[in-house]
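Asker: pasting the sequence and the predicted model now:
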Amino acid sequence: MRALSVIAMFAMLVGGCAEVDKFTKPGYADEAIAWGEAKEGLQIGVARRSYEPGREPAGKPANMVYYAMFVRNVGRGELKFMWPGEPGFGSPVFPLAGDESVKVAAVFSPAGGGKDRFSEVRPTKKPAIAPLGPREQREFEFRLTPKKFGVGSMSGGRFWAVYSNQQDRIDYGEGNGGVTSGVWTGEVKSGEVAVP
């Protein structure tokens, strides 16, 4: 199991979005990753994901579309990455303190000049910290429906993601890991992929 700081494992739903288990054989294929510009060592990218028939996540709506979001450390030292998802099964869960700023915005820009549509992911519980070593990469999956963006369909246009965090320290309390400081802060955008 990949080690995480304070929280042993985490996952998150963005309607939904979850960390991908690299030890499970995937039933999908990703298109080329569109990487954005790295900032302070952190770089994110997105790719459209297509599942094999019968391998889609259980209970998916008929109009569900999938995109993978990749997060990697392109710097020389360890990077402390905060994710706005809830801790995974079996991990401690802490209530929000009220100072959490971390979020991910999934952005859909319809073809034909329509206004950009946003679906934000913010924590509902205290977010987890994941240390990323040099060249280490994680991936997450966006499971999206047009309703998340307030549109009737997601055909034609562009898709990208924006990750931001302004909180450089987080306190899990005595006996639960204490204070973690030096967390990555800033805003970083992925590249853009076409929505067929």
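Answerer: That came in fine, so what should we check first?
Asker: got any ranges where the protein has weak pLDDT?
Answerer: 1-25, 85-91 (pLDDT under 70).
Asker: so which residues of it form helices?
Answerer: Taking DSSP state H as the criterion, the chain carries no helices.
Asker: geometric centre of it: which residue is closest?
Answerer: Nearest to the mean C-alpha position of the chain, counting by CA atoms, centre = their mean, stands Phe140 at 5.1 Å.
Asker: so what's it closest to, chain neighbours aside?
Answerer: The shortest distance from Phe140 to any non-neighbouring residue, by CB to CB, 6 or more residues apart in numbering, is to Met69 (4.7 Å). Every residue, glycine included, has its C-beta placed from N, CA and C.
Asker: counting neighbours, what do you get for the one you found?
Answerer: Around Met69 there are 23 other residues, counting by other CB atoms under 10 Å.
Asker: before we move on, what about Val183?
Answerer: When counting by other CB under 10 Å, one arrives at 19 neighbours for Val183.
Asker: and it, what are its bridge partners?
Answerer: Lys80 (DSSP bridges).
Asker: contacting residues for it?
Answerer: 80-82, 129, 165, 167-170 (CB atoms under 8 Å, 6 or more residues apart in numbering).
Asker: one more: Glu174?
Answerer: With CB under 8 Å, 6+ apart, Glu174 has no contacts at all.
Asker: and the gap between it and Gly150?
Answerer: For Glu174, the distance to Gly150 equals 44 Å [CB to CB, to the nearest Å].
Asker: repeat for Ile33
Answerer: Ile33 is 27 Å from Gly150, by CB to CB.
Asker: neighbour-wise, which of these two wins?
Answerer: Neighbours per residue (other CB under 10 Å) separate Ile33 from Gly150, with Ile33 holding more: 19 against 10.
Asker: distance of the nearest residue to Glu40 once chain neighbours are set aside from Asn63?
Answerer: Counting by CB to CB, 6+ apart, Gly186 is the residue found nearest to Glu40 once chain neighbours are left out, at 5.7 Å. Look at Gly186 and Asn63: by CB to CB, they are 34 Å apart.
Asker: cool, and Gly77?
Answerer: Taking CB to CB as the measure, Gly77 and Asn63 are separated by 43 Å.
Asker: more neighbours, the two?
Answerer: Asn63 (13 against 9).
Asker: next up, the contacts around that one.
Answerer: 145-146, 153-154.
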